[in-house]
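Colleague: I would like to see how this sequence folds:
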Amino acid sequence: MTLEEVRSQDSVPESTARMQGAGKALHELLLSAQRQGCLTAGVYESAKVLNVDPDNVTFCVLAADEEDEGDIALQIHFTLIQAFCCENDIDIVRVGDVQRLAAIVGAGEEAGAPGDLHCILISNPNEDTWKDPALEKLSLFCEESRSVNDWVPNITLPE
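Modeller: Down below sits the predicted model:
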């Protein structure tokens, strides 16, 4: 048995609980950010925000369903957004369920089609630093993930 196998056996319950906690925190953060009016949805819209004011962006969510995995153009956009976020110290996660994300942020109401939810940015609502417990939990989750070389962790949203 290798050291990696021993570590993975010990951390399975812990990582599952950690993942569920991160999913719940992301759900809360998305709802809070939407109420505050500091949520930007869409790959193109997000790229514009990142270009104009990257210092104001606090968190990035990339979402793709299984059928999106074969979309080369979308994967190139994701790679560029990931690199930009890493370069600018913006925490970033991936979600594998665009429909669930649409249900949370109400895609039909504001953002348009679910295709617009492949990238979601969360920004500070004003000049003061935004203190949100869910954002702090997710930042800690991302930091812990980076410490084990998981630079863009996958999160499963709660049902």
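
Colleague: now the residue nearest to the spatial centre of the chain: closest residue in space that isn't a chain neighbour?
Modeller: Taking CA atoms, centre = their mean, the centroid of the chain lies closest to Val61, which sits 2.5 Å from it. Nearest non-adjacent residue to Val61, counting by CB to CB, 6 or more residues apart in numbering: Ile120, 4.3 Å away. In this view, the C-beta of every residue, glycine as well, is placed from N, C-alpha and C.

Colleague: in its sheet, what does the helix or strand hosting the one you found sit against?
Modeller: Ile120 is part of strand 119-123 when elements are defined by DSSP states H and E. Here strand 119-123 has these sheet partners by DSSP bridges: strand 39-41 (antiparallel), strand 57-63 (antiparallel).

Colleague: other SSEs contacting the helix or strand that it is followed by?
Modeller: Downstream of strand 119-123, the first helix or strand assigned by DSSP H and E is helix 133-147. Counting contacts by 3 or more CB pairs under 8 Å, 6 or more residues apart in numbering; DSSP states H and E, helix 133-147 packs against helix 3-36, strand 57-63, strand 91-95.

Colleague: what about the next helix or strand after helix 133-147, distance to the chain center?
Modeller: Using DSSP H and E, the helix or strand that follows helix 133-147 in sequence is strand 154-155. Put simply, strand 154-155 sits 8 Å off its chain's centre (CA atoms, centre = their mean, to the nearest Å).
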